[in-house]
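Student: take this sequence and fold it.
(one chain, ligands or ions: 1)
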Amino acid sequence: MYSAKSTKAEEFINNEEVLKSIEYANLNCNNLKLIDEIIEKAKEQKGLSHREAAVLLVCNDKEKNEEIFKLAKKIKEDYYGNRIVLFAPLYLSNYCVNGCVYCPYHAKNKHIPRKKMSQEEIRNEVTALQDMGHKRLAIESGEDPVNNPIEYILESINTIYSIKHKNGAIRRVNVNIAATTVENYKKLHDAKIGTYILFQETYNKESYERLHPTGPKHNYAYHTEAMDRAMQSGIDDVGLGVLFGLENYLYEFISILMHAEHLEAVYGVGPHTISVPRIRKANDIDPNTFSNAIDDETFKKIVAVLRIAVPYTGMIVSTRESKECRKEVLELGISQISGGSKTSVGGYYKPEEKDEDSSQFEVNDNRTLDEVVNWLMELNYLPSFCTACYGSGRTGDRFMSICKSQQIHNFCHPNAIMTLKEYLVDYASDTTKQTGEKLILRELEKIEDISRKQAVLNYLDKIIKGERDFKF
Ligand code: SF4
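Tutor: Numbers count the residues shown, from 1 in each chain. Here you go, the predicted structure:
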């Protein structure tokens, strides 16, 4: 039986409810009266239920779709302004005991070089990432209790936070590792991680079991209930995601919103972020063998309707997507992107040789971080390296309540300006510096509160003189 409040995977992601919602959405895809009502409700910017959002996703009326895209852009603007948060992935190890058929790290792949970074190698990688200008990382690792036990992950987090190279620092480490126990989540919480990220891959139990034929990840309930255990451990920022292409996209779309509703119903706080990766080519993986691949138009619509359905949830797109595609989805709802990414184990400090390639997927946007930052500013976005909420304890429901009341802007906007200034002073190329200084002047004009503006100006002055890490 469907129950958002249940903590059992098959009840909060109830197959029957997903199928009924798909049927309801398809039945109403041309029901203009209902679509209008849902759009009106969405304009209140408090979100939509999974069924309402599904109707908008399948709506095939051209005019209504234009309204939907317009509304997504407005909500994006109202909640996030023009800020885009930047991060980089850091792969620690590609040893993995699972058999996921879409991932080149699966245990049976004998072609891929297996690597696990030592703490010394992590130090080198993090120093290189700091020299690029990154302040926020997402660490990734395959599941392997022997090679990558929780102690290795904790030691690596500790190493990452300890490195202070020149003016650099990694101020937030988000963690994307396999589903684990409450006890281990507590250890991650104590290690001061930012968001705990775990992609569901697919919410459809039957497909899930087929796509994960072997290894601990085969257990659908254990994987799907991971966020509950993370929340119970005290981690209150969690990041959801599915791998689009594995299953019918409508099934995944409805389910991820049901997962968000479940977290909100039980823990009072929805997901901090939702990621929208699409399946990509990789060693041993041919994306053409997955028949549920989605085209760019569908992908954009998914981003837009997610933005409308969960306005207060950050949305992430990685370098799986091309520059052109990233540009389009930034407008529609994406609030965080990776830049200058390597998807191999190592590779920031010293590029991998071709025959040593350990990447998890082929990157579609190969630009440097500096190029991405400059590109964002030329599109009139404000790149942000801010990690202040995390540093100030504004996580979980404290973050959400500020975000829901649209007050987050008062913190994020000045913090984005200040962290961009740090980037410009410490790492930017001359061209990026010039674009950035002009942008900062324009952004300062947007701060209405005179005393806050003066405080930002004072901090900017201190940044020029060498001080770092100011925050509101
Ligand atoms: S998706 Fe994760 S668990 Fe599955 S094979 Fe790849 S690294 Fe291992």
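Student: first to last residue in stretch 344-354, what's the distance?
Tutor: End-to-end distance for stretch 344-354: 11 Å, by Cα to Cα, to the nearest Å.
Student: neighbours of the closest residue in space to Leu34 that isn't next to it in sequence, just the number please.
Tutor: Nearest residue to Leu34, sequence neighbours excluded (Cβ to Cβ, 6 or more residues apart in numbering): Asn28, at 5.2 Å. (Each C-beta comes from the backbone N, C-alpha and C, glycine too.) By other Cβ atoms under 10 Å, the residues close to Asn28 number 20.
Student: surely Asn28 and Ile35 touch.
Tutor: Yes - using Cβ atoms under 8 Å, Asn28 makes contact with Ile35 at a distance of 7.4 Å.
Student: got any residues that touch both of these two?
Tutor: The contact sets of Asn28 and Ile35 overlap at Val55 (Cβ atoms under 8 Å, 6 or more residues apart in numbering).
Student: before we move on, the earlier item: distance of the residue nearest to Leu34 from the ligand?
Tutor: Relative to the ligand, Asn28 is positioned 35 Å away (Cβ to the nearest ligand atom, to the nearest Å).
Student: what strand or helix carries the residue nearest the centre of the chain?
Tutor: Nearest to the mean C-alpha position of the chain, counting by Cα atoms, centre = their mean, stands Ile316 at 3.5 Å. For Ile316, the host element (DSSP states H and E) is strand 314-317.
Student: so how far is the helix or strand following that strand off the chain centroid?
Tutor: Later in the chain than strand 314-317, the nearest helix or strand by DSSP H and E is helix 323-332. Distance of helix 323-332 from the chain centroid (Cα atoms, centre = their mean, to the nearest Å) equals 15 Å.
Student: same deal with stretch 134-145?
Tutor: Using Cα atoms, centre = their mean, the offset of stretch 134-145 from its chain centre is 13 Å.
Student: same thing with stretch 417-429?
Tutor: In terms of Cα atoms, centre = their mean, the centre of stretch 417-429 is found 23 Å from the chain centre.
Student: likewise for stretch 153-168?
Tutor: Its chain's C-alpha centre and that of stretch 153-168 lie 21 Å apart, by Cα atoms, centre = their mean.
Student: buried stuff in that stretch?
Tutor: 153-154, 156-157, 159-161, 163, 167-168 (16 or more other Cβ atoms under 10 Å).
Student: now do the same for it: mean pLDDT, whole number.
Tutor: Averaged over stretch 153-168, pLDDT sits at 97.
Student: tell me if it is near the ligand.
Tutor: No - if you take Cβ under 6 Å from any ligand atom as the test, stretch 153-168 misses the ligand, and the best it gets is 13.4 Å.
Student: ok, which stretches of the stretch 151-300 of the chain are helices?
Tutor: 182-190, 205-211, 220-224, 226-232, 249-267, 296-309 (DSSP state H, counting those that start in this stretch).
Student: by contact count, what packs against the fifth one?
Tutor: Using 3 or more Cβ pairs under 8 Å, 6 or more residues apart in numbering; DSSP states H and E as the contact test, the elements touching helix 249-267 are helix 9-12, helix 15-27, helix 50-58, helix 226-232, strand 238-241, helix 296-309.
Student: over to the fourth one?
Tutor: Packed against helix 226-232 by the contact rule (3+ Cβ pairs under 8 Å, 6+ apart) you find helix 182-190, strand 238-241, helix 249-267.
Student: kindly report the same for the first one.
Tutor: If you count contacts as 3+ Cβ pairs under 8 Å, 6+ apart, helix 182-190 packs onto helix 150-162, helix 226-232.
Student: pull the longest one out as PDB, backbone CA atoms only.
Tutor: Backbone C-alpha positions of helix 150-162 (Å, rounded to 0.1, in the frame of the first residue of the first chain) are rendered in PDB as follows:
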ATOM      1  CA  ILE A 150      34.500   3.300   5.600                       C
ATOM      2  CA  GLU A 151      37.800   3.900   7.400                       C
ATOM      3  CA  TYR A 152      39.400   4.700   4.100                       C
ATOM      4  CA  ILE A 153      36.600   7.100   3.100                       C
ATOM      5  CA  LEU A 154      36.900   8.800   6.500                       C
ATOM      6  CA  GLU A 155      40.600   9.100   6.400                       C
ATOM      7  CA  SER A 156      40.300  10.600   2.900                       C
ATOM      8  CA  ILE A 157      37.800  13.200   4.000                       C
ATOM      9  CA  ASN A 158      40.100  14.100   6.800                       C
ATOM     10  CA  THR A 159      43.000  14.500   4.400                       C
ATOM     11  CA  ILE A 160      41.000  16.600   2.000                       C
ATOM     12  CA  TYR A 161      39.800  19.000   4.800                       C
ATOM     13  CA  SER A 162      43.400  19.300   6.200                       C
END
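Student: which of the helices and strands packed on helix 182-190 sits closest to Arg320?
Tutor: With Cβ to Cβ as the criterion, Arg320 lies closest to helix 226-232 of those, at 22.2 Å.
Student: show me the contact partners of that closest one.
Tutor: For helix 226-232, contacts defined as Cβ under 8 Å, 6+ apart pick out 7, 179-182, 185, 196, 198, 238, 240, 259, 263, 266-267, 269, 271.
Student: helix, strand, or coil at the closest residue to the ligand within the stretch 101-250 of the chain?
Tutor: The stretch 101-250 of the chain approaches the ligand most closely through Cys103 (3.0 Å), counting by Cβ to the nearest ligand atom. Here Cys103 is recorded as coil under DSSP: H, G, I helix; E, B strand; the rest coil.
Student: quick one, grab the pLDDT at the residue of the stretch 351-472 of the chain at minimum distance from the ligand.
Tutor: Closest approach between the stretch 351-472 of the chain and the ligand, counting by Cβ to the nearest ligand atom: Gln360, at 7.0 Å. In the prediction, the pLDDT value recorded for Gln360 is 91.
Student: residues in contact with it?
Tutor: Gln360 makes contact with 91, 94, 103-105, 140, 282, 343-344, according to Cβ under 8 Å, 6+ apart.
Student: want to throw those residues into JSON lines with distance to Asp295?
Tutor: Formatted as JSON lines, the entries for those read as follows, by distance: Cβ to Cβ, whole Å:
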{"residue": "Tyr91", "distance to Asp295": "29"}
{"residue": "Asn94", "distance to Asp295": "30"}
{"residue": "Cys103", "distance to Asp295": "22"}
{"residue": "Pro104", "distance to Asp295": "24"}
{"residue": "Tyr105", "distance to Asp295": "27"}
{"residue": "Glu140", "distance to Asp295": "27"}
{"residue": "Ala282", "distance to Asp295": "20"}
{"residue": "Thr343", "distance to Asp295": "23"}
{"residue": "Ser344", "distance to Asp295": "28"}
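Student: before we move on, back to that, make TSV from the helices and strands packed on helix 249-267 and add mean pLDDT and mean neighbour count to it.
Tutor: Output for the helices and strands packed on helix 249-267, formatted as TSV (pLDDT from 0 to 100; neighbours: other Cβ atoms under 10 Å):
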stretch	mean pLDDT	mean neighbour count
helix 9-12	98	20
helix 15-27	98	16
helix 50-58	98	23
helix 226-232	98	22
strand 238-241	98	23
helix 296-309	97	22
